[in-house]
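[1] just to be clear, the model below is a prediction. Sequence and coordinates:
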Amino acid sequence: MTWTDTHVHLVDFLQRPAPLDDLIDALRQGGADRAVVFGLPLKKKWSTAEPMKPDYYLDDNAPCHYHSLTDVLVLDALAGFDDAGMPVAPLICGFDPTDRLAVDHLDAVWSRSDRWAGVGEVLLRHDDLTNLTLGETPVADHAAMDGIFDFCAQHDVPISIHHDSSSAGRSSAHEYVQPFENAISRHRQTAIVWCHAGVSRRVRPDDQLDLVEKLVGDNPNLTVELSWVLLDSIIPKGTLRGRLARPHLPSSGTVRPGFGHRRGPRDRARPQRAGSAGTRRTSRFGGPAGGCRQRHRALVLISHLLQMHPNESYAHVSTCAYD
């Protein structure tokens, strides 16, 4: 059985890179031997009105702004993962999801490396972070996101999205679910990964797992990624497997994974039988295809193994067990 960490930020909200050796050690100590990695699309500002330098987006009232350099930092880190023998699938996230020109930026960054495995984590509705982010409120069905979803479908790669189901003041209202469902239904050919299953530090609905079951059951292009606070705060300990074993879900006790093989134009134009000479598919993890995509099923678990910053600037480890 192979364990894959599906949610690793390589930088914090000041865009400081994680100590790579420590990060890889933490992953391996937690039992993960590969990971889906990405930066953060936002950078916290140190305002002249604030006497202390911030370490985290919640440290003061200064805003956050979009920061495209984060994708360069991810590419810079890949050599270190390669040297350590840790396969990773890097994602692009350094764009403004309310900018209708964002897809042009995405295409430009994509063309600079054949290592990119998808898009994410795109930060849309995100409790207090939304209020601190300069510009329009980012939502899943924003016109600018249509081009991003289409880009992912055209390149046959998934997109990882943070989109809270509710506001912090009305945690159980699920008032933000409809825009998310609009995006899912408008883009059936796009594999969408819902980070943290729609919850955040201050968005903790009582009936979130019922909502997750319904959305996954109704939408074959939706994957739920259960990192961060979901298992700690929403799902009673020990009940996840039984709840996800209901008949309308894909397979007993499992959740669909989202990341792995990236097909190029030649793959799509000329389908080949698996295993035929000269056509062996490769995954974004650098090995044979079949790890994180295409009919595979995963039991996604949460484990607070990776705590590289006391204020949780770096992601906790979420892991997938693959057949």
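    Perfect, I can see it now. Numbering: from 1, shown residues only.
[2] use CA for all of it now, contacts and neighbours both
    Will do.
[3] can you pull out the helices in this protein?
    20-29, 70-83, 102-110, 127-132, 143-155, 177-186, 208-218, 240-243, 265-269 (DSSP state H).
[4] residue 85: neighbour count?
    Counted with other CA atoms under 10 Å, the neighbours of residue 85 add up to 12.
[5] meant to ask about residue 180, not that
    Around residue 180 there are 21 residues (other CA under 10 Å).
[6] show me the contacts for the closest residue to it other than its chain neighbours.
    Using CA to CA, 6 or more residues apart in numbering and skipping residues adjacent in sequence, the residue nearest residue 180 is residue 140, 5.2 Å away. Applying CA atoms under 8 Å, 6 or more residues apart in numbering to residue 140 gives the contacts 124, 163, 179, 180, 182, 183.
[7] can we see that at 7 Å?
    124, 179, 180, 183 (CA atoms under 7 Å, 6 or more residues apart in numbering).
[8] for the second one, which residues are in contact?
    Applying CA under 7 Å, 6+ apart, we find residue 179 in contact with 139, 140, 141.
[9] do you know how far it is from residue 80?
    39 Å (CA to CA, to the nearest Å).
[10] just give me the longest strand of this structure.
    Longest strand in the chain by number of residues (criterion: DSSP state E): strand 2-9.
[11] how far out from the middle of the chain is that one?
    10 Å (CA atoms, centre = their mean, to the nearest Å).
[12] how many residues are close by residue 149?
    Using other CA under 10 Å: residue 149 sits among 25 other residues.
[13] go on, residue 99?
    When neighbours are counted by other CA under 10 Å, residue 99 comes out with 16.
[14] skipping adjacent residues, who's closest to it in space?
    Residue 99's closest residue in space is residue 144 (CA to CA, 6+ apart), at 5.5 Å.
[15] just checking, that neighbour touches residue 98?
    Yes - Residue 144 is in contact with residue 98 according to CA atoms under 7 Å; the separation is 5.3 Å.
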